[in-house]
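[1] just to be clear, the model below is a prediction. Sequence and coordinates:
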Amino acid sequence: MAFNINIQELVKKEFGLDVNVSSFEPPVNILPFDGVQVITGGNKMVNGAVVSKYSAMGTPVYDYIKVKAGGYYDFQGNYITIEPYDFPFECIVELSQPSMIEETYIKGRKGGSIKEIIGVDDYYITIRGFIINYETSDYPTEAVEAFKRLINHTAELQVESPWLNFFDINEIVIYDRNLPQIEGAFHYQTFVLQCKSNEPFYVEV
C-alpha cells in the first residue's frame, strides 16, 4: 500500500524550509504515466508556467532535472559511460552567482578598498531533494544505488532543466555530496548536492 507523504512537511523537517508547492488543488481526472500523473486537457499554471504533469503525490511538476547520457575517459584511460538519469521531482534548486572582484588597500586612504570588478563567477548550484520509496517501508536501495553511480562520476554532467537552462546552465560539476542518515525514517534518503555551472572549453589543434 502506498504511503501518504507530505512533501511540504518533509522539506521543513529535513531542510528547515517552508515551501508552497501549489496554489490550487490537483485536478481530479488524471492518468498515470511512468509514475507521473498527466493532466488531460488542463491548462493550470504555477508562477506563469503551464503545468502538464503531477507527481505521485499530486504536486505540480513544472520543472525537472535530467542528466543526459554521455561519457569520459578516467585517469587510467578507461572510457566511462554516463547513463541518463532523472532526478526525483521532490527537489529544490538554489542558484547564486558571486562577482569576481579584486580589492586593493592603499595606505592613507580614508577607508575601504579600491574595487575592480573583473567579471562574474560560475553559478553555484545547491540541489536539495529526496529519494523516496512510496510503496513500502523499505529503504529505496536500488534508487539510491543509481543515484550513487551518478554522483560518483568525475566529469561534468550535461543537464536538461527548464530552470537551469533558462540561466544558460547546460553543464554542471558536482563539488560536494551529502547523504545523511535519517533518524526515525527508513523509506527515504535525503541528499544535498553542491555544484557549479560549467562552460565547455575547446582547444583548436
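    That came through, no problem.
[2] for the residue nearest to residue 71 when sequence neighbours are not counted, what are its contacts?
    Excluding the flanking residues, the one nearest residue 71 by CB to CB, 6 or more residues apart in numbering is residue 81, at 4.9 Å. Every C-beta, even on glycine, is put in place using the N, C-alpha and C of the backbone. Shown in contact with residue 81 (CB atoms under 8 Å, 6 or more residues apart in numbering): 69-71.
[3] now, those that are in strands?
    Counting by DSSP state E, the contacts of residue 81 place 70-71 in strands.
[4] can I get the contacts of residue 81 in CSV with pLDDT and neighbour count?
    CSV is the format used below for the contacts of residue 81 (pLDDT from 0 to 100; neighbours: other CB atoms under 10 Å):
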residue, pLDDT, neighbour count
69, 94, 10
70, 93, 16
71, 93, 11
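[5] could you report the pLDDT at residue 133?
    According to the prediction, residue 133 has pLDDT 87.
[6] and it, its phi and psi?
    Reported as degrees, to the nearest 10, the phi and psi values for residue 133 are phi -90, psi 100.
[7] what are the phi and psi values for the residue nearest to residue 71?
    Per degrees, to the nearest 10, the backbone of residue 81 is at phi -90, psi 130.
[8] likewise for residue 85?
    phi -140, psi 130.
[9] for residue 132, same thing?
    Dihedral angles (degrees, to the nearest 10) for residue 132: phi -120, psi 140.
[10] that one contacts residue 188, doesn't it?
    Yes - at 4.3 Å, residue 132 counts as touching residue 188 under the criterion of CB atoms under 8 Å.
[11] how about residue 105: what's its closest non-neighbour residue?
    In space, residue 105 is closest to residue 113, 4.9 Å off (CB to CB, 6+ apart).
[12] based on its surroundings, how many neighbours for that neighbour?
    Residues near residue 113, counting by other CB atoms under 10 Å, number 12.
[13] same question, residue 101
    13.
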